[in-house]
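**Student:** Structure for this input, please:
(one chain, ligands or ions: 1)
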Amino acid sequence: MKLPSQNPTKTKAWKALQEHFSAIKNQSLKDLFVSDSKRGSELSIKWEDFYVDYSKNIIDTTTKRLLLDLAKEVGLPQAMESYFAGETINATEGRAVQHVALRAPKGKTITIDGVNIVDEVAQVKEKIKGFTEKVISGTHKGYTGKAITDIVNIGIGGSDLGPVMITEALEHYKNHLKVHFISNIDGDHVHQNLKKFDAETTLFVVVSKSFGTQETLSNAITARKWFVEKAGGSEAVSKHFVAVSSNVQKVTDFGIDPNNIFPLWDWVGGRFSLWSAVGLSVALSIGFEQFDELLAGAHDMDEHFKNTDFEENIPVLLGLLSVWYNNFFEAETEALIPFNQYLHRLPAYLQQGIMESNGKGVDRNGDTIDYQTGTIIWGEPGTNSQHAFFQLIHQGTKIIPTEFIGFKKSLFGDKEHHDKLMANYFAQTEALMNGKTQEEVLAELKEKNMSQDQIDTLAPFKVFKGNRPTTSLLIEKLTPKSLGKLVAMYEHRIFVQGIVWNIYSYDQWGVELGKQLASNILSEIDANKVAEHDSSTTNLLNEFLN
Ligand code: F6P
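**Tutor:** Sure thing, here's the model as predicted:
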């Protein structure tokens, strides 16, 4: 079954939303809370260890109803059926999209081309389990008989960002293995890293779904060369190099032992692959059982998304809110602020997830789109971000819907620190909503023993308009399981938004052109001869070559 294809702007719901937007766009959030004392609980969801409060958004019950109408009118329920049934919803690449199968419990059936992929996943998980146990316990020895101490993940994009983000996020749960990540083609990056390793105790995990990515192959070749020099030959490579890929032939051609290949399938998109063997470095770092907990958490969110009424469905509602700001308020970006230092790579990880998926300008009929799609996402942990860019969110000219992620409990249990951190988490959303009126500013300045002149001059700069929308996710504690839920929630939101915008979220043709041009230019650099370009590129190249 094909995904439904409906231009969202031509729906009844969209038109109704446009009219409704004119009526509500200047609505004061503060007033909405005053007029409905239950707003906070009406516009929030309690689910397992998550409390999601979306009441500080510029919406009312009509907005919610119309957004849900839009979801139905564009065929979200049917699209979800196709998604979960393993249909070929990545039509431009002719693939199913089944990262949910990677975390489906054993015994479940999801078939693609007549094969139960849950069984295939289980086999690879067994392989991950066996291998990680050997490395962690020290049974897997390096070429001189020493146990492995350092894991080096070589990959880029989805073969790097997910593993890095999760490894960092779950640092508290990790074992003795030190995990490193090499991604950039920048030779300084790989050489700087190699300086840190001892070949006798280092395991390289080369991750590339295609095994054709220039960065990963170049870095893997450099690492292998370094290793062979240190080890005095290539016999020991099999003890120190494993690969994760869907391209077994290319991995074997590269010189990695076929027994050391952890397979991947074409129905797993790179940016959704951390749940597969792409997460091997995560499993090595926290052990298989906790890796499995991460998957279990994601599965819980899959079930929530699949089975919960849209009214209470976290990915559906938050996805629709993004559409609301993107397409009606014309918000240019969205900020994501985890009040948790461990989650410092979450925004970078989601930049790939969200922007590579939904940064599309052609709809599912192949027609150019004349409305906004993919949101721009950015962020840094709180409270650091408060001392960096929050000024612009508070008083700048742009509307930036901001998402706050906080945890009730800290990991080390330092209550004093945690209370201070969370006081900021709560205070910021209040400040962004309430702002500070001129009267409040004047009253405050009057207390300060200033002249009326000084007060009048300073007052306008201290006024905060407020009415800045925020959503708060309050989660019990950062654990492998809750993190799995959180990440899966964003994955499903990407799907929801892609369906509403009538785009294909699971291809990424836009990244190809740059790769092709770089390969042509590399030939010119190798030949030291600049071909015909625009005068800017020609000058730059000549400058580089001279
Ligand atoms: O260039 C973009 C991309 O294809 C991403 O989608 C992907 O995650 C990344 O490159 C790495 O690809 P691979 O795992 O095949 O090396």
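
**Student:** can you give me the offset of the least confident helix or strand in the chain by mean pLDDT from its chain's centre?
**Tutor:** Least confident element among the helices and strands of the chain, by mean pLDDT, DSSP states H and E: strand 111-112 (a mean of 90). Distance of strand 111-112 from the chain centroid (C-alpha atoms, centre = their mean, to the nearest Å) equals 26 Å.

**Student:** Run through who's touching that strand.
**Tutor:** Defining contact as C-beta atoms under 8 Å, 6 or more residues apart in numbering, one finds that strand 111-112 is touched by 86, 96, 98, 117, 267. All C-beta atoms are positioned from the backbone trio N, CA, C, and that covers glycine.

**Student:** give me every residue that touches the residue nearest the centre of the chain.
**Tutor:** The centroid of the chain falls nearest to residue 350 when counting by C-alpha atoms, centre = their mean (2.1 Å). Residue 350 sits next to 336, 377, 490 when contact means C-beta under 8 Å, 6+ apart.

**Student:** Just checking: what are the partner strands of the least confident helix or strand of the chain?
**Tutor:** Paired with strand 111-112 in the same sheet, following DSSP bridges, are strand 115-116 (antiparallel).

**Student:** re earlier: among the contacts of residue 350, which are located in strands?
**Tutor:** Mapping these onto strands (DSSP state E) picks out 336, 377.

**Student:** Ranking by neighbours, what's the top pick from the contacts of residue 350?
**Tutor:** Of these, residue 336 is surrounded by the most neighbours, 23 neighbours in total, counting by other C-beta atoms under 10 Å.

**Student:** ok, now which ones touch that residue?
**Tutor:** Each residue near residue 336 by C-beta under 8 Å, 6+ apart is listed here: 346, 347, 350, 377, 378, 379, 402, 403, 405.

**Student:** Pick the one among those residues closest to the ligand.
**Tutor:** Of all the contacts of residue 336, residue 350 has the smallest distance to the ligand: 13.5 Å, by C-beta to the nearest ligand atom.

**Student:** If we look just around the ligand, which residues of the stretch 101-250 of the chain are in range?
**Tutor:** With the criterion set to C-beta under 6 Å from any ligand atom, the stretch 101-250 of the chain comes near the ligand through 156, 157, 158, 159, 208, 209, 210, 213, 216.

**Student:** which residues touch the third one?
**Tutor:** Residue 158 makes contacts with 209, 269, 270, 271, 272, 273, 274, 278, 352, as judged by C-beta under 8 Å, 6+ apart.

**Student:** what sits opposite residue 182 in the beta ladder?
**Tutor:** In this structure, residue 182 bridges to residue 154 when assessed by DSSP bridges.

**Student:** Residue 151 is in contact with that one, correct?
**Tutor:** No: between residue 182 and residue 151 there is no contact under C-beta atoms under 8 Å: 11.2 Å.

**Student:** circling back: among the residues of the stretch 101-250 of the chain next to the ligand, which ones are in helices?
**Tutor:** The helices in this structure, assigned by DSSP state H, contain residue 216 from these.

**Student:** buried subset of the residues of the stretch 101-250 of the chain next to the ligand?
**Tutor:** With burial judged by 16 or more other C-beta atoms under 10 Å, the buried subset of those is 156, 157, 158, 159, 208, 209, 213, 216.

**Student:** distance from the centroid: which residue in this structure tops it?
**Tutor:** Within the chain, the residue lying farthest from the chain centre (C-alpha atoms, centre = their mean) is residue 451, at 51.3 Å.

**Student:** per-residue confidence for that one?
**Tutor:** pLDDT recorded at residue 451 is 93.

**Student:** Quick check: it vs the ligand, distance?
**Tutor:** Going from residue 451 to the ligand by C-beta to the nearest ligand atom, to the nearest Å gives 60 Å.

**Student:** what's that residue sitting at in phi/psi?
**Tutor:** Phi and psi for residue 451, reported as degrees, to the nearest 10, are phi -70, psi 160.

**Student:** Could you do residue 380 as well?
**Tutor:** With angles defined as degrees, to the nearest 10, residue 380 sits at phi -150, psi 160.

**Student:** quick one, what contacts it?
**Tutor:** 337, 344, 347, 388, 389.

**Student:** show me the contacts for the last one.
**Tutor:** Residues in contact with residue 389 (C-beta under 8 Å, 6+ apart) are residue 380.

**Student:** what's the pLDDT at it?
**Tutor:** You'll see residue 389 listed with a pLDDT of 98.

**Student:** what does the stretch 401-546 of the chain put close to the ligand?
**Tutor:** So the stretch 401-546 of the chain meets the ligand at 508, 511 (C-beta under 6 Å from any ligand atom).

**Student:** For the stretch 401-546 of the chain, give the residue positioned nearest to the ligand.
**Tutor:** Nearest to the ligand, among the residues of the stretch 401-546 of the chain, is residue 511, at 4.0 Å (C-beta to the nearest ligand atom).

**Student:** quick one, phi psi at that residue?
**Tutor:** Residue 511 adopts backbone torsions of phi -90, psi -10, taken as degrees, to the nearest 10.

**Student:** ok, it - contacts?
**Tutor:** residue 356.

**Student:** okay, now whatever residue of the stretch 251-400 of the chain ends up closest to the ligand: neighbour count?
**Tutor:** Nearest residue of the stretch 251-400 of the chain to the ligand (C-beta to the nearest ligand atom) works out as residue 270 at 2.7 Å. Per other C-beta under 10 Å, the neighbour tally for residue 270 reads 25.

**Student:** Okay then, goodbye and thanks.
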